[in-house]
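Chemist: Okay, structure incoming, though there's no sequence with it:
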């Protein structure tokens, strides 16, 4: 059988360490390629109004590699360019997923209603993300401010600190039935299993959610151990 070909477009580059951890999630039968758009260098807000550029680059990327599915990463891309997922999908003619929509789909697959949201964003971006989640029928109990929300700072936070800060936020919120990590530079992948075991709720991170979403939309079902219930149990994707 020919491998399933998946591509990823990053709004920045693809050299960050969290991409190496993301690559480990892909089963061997999936052929995976990445390309960086270099659209943001000093601020997430540089991504606003970039729909036309993203669509054009996506079309080139898909045609060059004959991709079957496309991941467009970065919550700020989707938040600051409303409708970008639909626009890119219509332009390239294959399934396309983005971070926030994938996380929402994953949270709904687990029946989650009340969330603790962990991001490296500033308050205005967190407010935009929270609004997206609440429009989808999800209740954000807490979205604590990150200690240093400057662009790229979250990549300096290690897994032990991510684990400790998330546990503290979860306990303080009270009553959450899921945790949602948005902002892959935080790289929660090494601690998802540990958090789920300690806190007893599903932990949804944007990168695993996008992998699960795009493969599910291509009718590919896998089981990947070590990165939480979403990839291990692979729940069915609900109707959109």
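Modeler: Yep, it's here. Source: prediction; values computed, not measured. Numbering: from 1, shown residues only.
Chemist: Please tell me I have it right and residue 94 contacts residue 61.
Modeler: No - here residue 94 does not reach residue 61: they are 10.9 Å apart, not a contact under C-beta atoms under 8 Å. Just so you know, the C-beta spots here come from the backbone N, C-alpha and C atoms, and that holds for glycine as well.
Chemist: Overlap of the contact sets of those two?
Modeler: 67, 70 (C-beta atoms under 8 Å, 6 or more residues apart in numbering).
Chemist: Neighbours of residue 60, how many?
Modeler: 12 (other C-beta atoms under 10 Å).
Chemist: and the host helix or strand of it, what does it pack onto?
Modeler: According to DSSP states H and E, residue 60 maps onto helix 51-65. Applying 3 or more C-beta pairs under 8 Å, 6 or more residues apart in numbering; DSSP states H and E, we find helix 51-65 packed against strand 4-10, strand 30-36, strand 69-72, helix 84-92.
Chemist: rerun that using 7 Å as the cut-off
Modeler: strand 4-10, strand 69-72, helix 84-92 (3 or more C-beta pairs under 7 Å, 6 or more residues apart in numbering; DSSP states H and E).
Chemist: Let's check: the centremost residue of the protein is which one?
Modeler: Nearest to the geometric centre of the chain sits residue 206, at 2.0 Å (C-alpha atoms, centre = their mean).
Chemist: any idea how far the worst-scoring helix or strand of the chain on mean pLDDT is from the chain center?
Modeler: Least confident element among the helices and strands of the chain, by mean pLDDT, DSSP states H and E: helix 17-23 (a mean of 79). Relative to the centre of its chain, helix 17-23 is centred 13 Å away, using C-alpha atoms, centre = their mean, to the nearest Å.
Chemist: Give me the residues contacting that helix.
Modeler: Residues from elsewhere that reach helix 17-23 (C-beta atoms under 7 Å, 6 or more residues apart in numbering): 32, 34, 184-185, 187, 189, 207.
Chemist: Return the subset of those residues lying in strands.
Modeler: 32, 34 (DSSP state E).
Chemist: who wins for neighbours among the contacts of helix 17-23?
Modeler: residue 184 leads the contacts of helix 17-23 on contacts (other C-beta under 10 Å) with 26 neighbours.
Chemist: hmm, back to that, could you dump the helices and strands packed on helix 51-65 to JSON lines with distance to residue 218 and mean pLDDT?
Modeler: What follows is those, written out as JSON lines (distance: least, C-beta to C-beta, whole Å; pLDDT from 0 to 100):
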{"stretch": "strand 4-10", "distance to residue 218": "6", "mean pLDDT": "94"}
{"stretch": "strand 69-72", "distance to residue 218": "5", "mean pLDDT": "97"}
{"stretch": "helix 84-92", "distance to residue 218": "13", "mean pLDDT": "97"}
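Chemist: Among the ones you listed, single out whichever gets nearest to residue 131.
Modeler: helix 84-92 (16.5 Å; C-beta to C-beta).
Chemist: so how many other residues sit close to the closest residue to residue 69 other than its chain neighbours?
Modeler: Excluding the flanking residues, the one nearest residue 69 by C-beta to C-beta, 6 or more residues apart in numbering is residue 214, at 4.4 Å. For residue 214, the count of nearby residues is 24 (other C-beta under 10 Å).
Chemist: residue contacts, residue 214?
Modeler: 6, 69, 71, 95, 97.
Chemist: Can you add neighbour count and distance to residue 55 and give the residues you listed back as TSV?
Modeler: Formatted as TSV, the contacts of residue 214 follow (neighbours: other C-beta atoms under 10 Å; distance: C-beta to C-beta, whole Å):
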residue	neighbour count	distance to residue 55
6	26	19
69	24	16
71	25	15
95	19	15
97	27	15
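Chemist: quick check, nearest of these to residue 47?
Modeler: residue 71 (15.9 Å).
Chemist: Now do the same contact list for that closest one.
Modeler: Contacts of residue 71 (C-beta under 7 Å, 6+ apart): 6, 8, 97, 210, 214.
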